[in-house]
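# Coordinates for the following, if possible.
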Amino acid sequence: MTSRPAKGGGRWVSVGPQRLGRWVDGFVERHGPPSVTATDEVVRIEGADGAVAECQVPFPPLTSSGGGPLARLITHARKERRVGVLLVRLGGHAAGVFQGDELLSSKVGSRLVHGRSAAGGWSQQRFARRRQKQAGEAYDAAAEVALRVLGSCAAELEAVILGGDRRAVDALRSDRRLAPIFALETEPFLTVPDPRLVVLQSAPSQFRAVRIRLIDPG
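Below is the predicted model:
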């Protein structure tokens, strides 16, 4: 479980789907019998002492059947969905298809893109043109991998999770071939380091987790 400050007060924690039931039980034990309300996107738990846990529903809307809001949230979070993941940073990319935590297919690649030059004048302009060309080739390579891994099975995916660097991902949006992939885009955006295979394999620990905003009593 991770924790970080929340804008507007409180803090965010992320709880894995298999731990969510125990986490909710612990919240009730600490804060007393709760009142629970739910929308398609948020399940709000308020303890008897005023503590609040706002649980963001992953892959909304919330499951409509299966008991009360908390039971439905737990069932919903534990569902093993087929999800595509596309991670792009300048010079590196990875795409994969997951069933739950299992990586079914993937492709990872990289392209050399030189860093920025501090030189001035004509040499700097030449370097900038070369760097721009390298960046374009890197994005083209990322698009081809996305098409190969995700494009062929887009109709079978419930969602696509994006990650890496937002500017790098946005550079691919103008490629019309990728429109069916971007149409499935779902939060959260994963801010990750260079998209190597080990980074891709760890993605479910982020996109399957339930993000909860905790607000202490008073």
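# Tyr139: what's it in contact with?
88, 168, 171-172 (CB atoms under 8 Å, 6 or more residues apart in numbering). To be clear about C-beta, it is placed using only N, CA and C from the backbone, and glycine gets the same treatment.
# Scan these and report the most crowded one.
Val88 (28 neighbours; other CB atoms under 10 Å).
# Give the helix, strand or coil label for it.
Assigned by DSSP: H, G, I helix; E, B strand; the rest coil, the conformation of Val88 is strand.
# who are the neighbours in contact with it?
Contacts of Val88 (CB under 8 Å, 6+ apart): 139, 142, 162-165, 168-169, 171-172, 195.
# out of the contacts of Tyr139, which are inside strands?
Val88 (DSSP state E).
# From the contacts of Tyr139, which land in helices?
Assigned to helices by DSSP state H, the following of those qualify: Ala168.
# From the contacts of Tyr139, pick the one nearest Pro204.
Nearest to Pro204 out of those is Val88 (CB to CB; 18.3 Å).
# nearest spatial neighbour of the most centrally placed residue in the chain, skipping sequence neighbours?
For the chain, the residue sitting closest to the mean C-alpha position, by CA atoms, centre = their mean, is Pro188 at 3.4 Å. Spatial nearest neighbour of Pro188, excluding adjacent residues (CB to CB, 6 or more residues apart in numbering): Phe207 at 6.3 Å.
# Please apply the same query to Gly21.
Of all residues not flanking Gly21 in the chain, Ile74 sits nearest, at 5.1 Å (CB to CB, 6+ apart).
# from what I can see that neighbour touches Gln18, true?
No: using CB atoms under 8 Å, Ile74 makes no contact with Gln18, being 9.7 Å away.
# I'd like to know how many residues surround Leu214.
Neighbours around Leu214, by other CB under 10 Å: 18.
# wait, what's in contact with it?
By CB under 8 Å, 6+ apart, the neighbours of Leu214 are 6, 10-13, 51-53.
# Quick one: the strands in this protein, in order.
Counting by DSSP E, the strands of the chain are 2-5, 11-15, 35-38, 42-46, 52-56, 82-89, 92-99, 102-110, 159-164, 185-190, 210-215.
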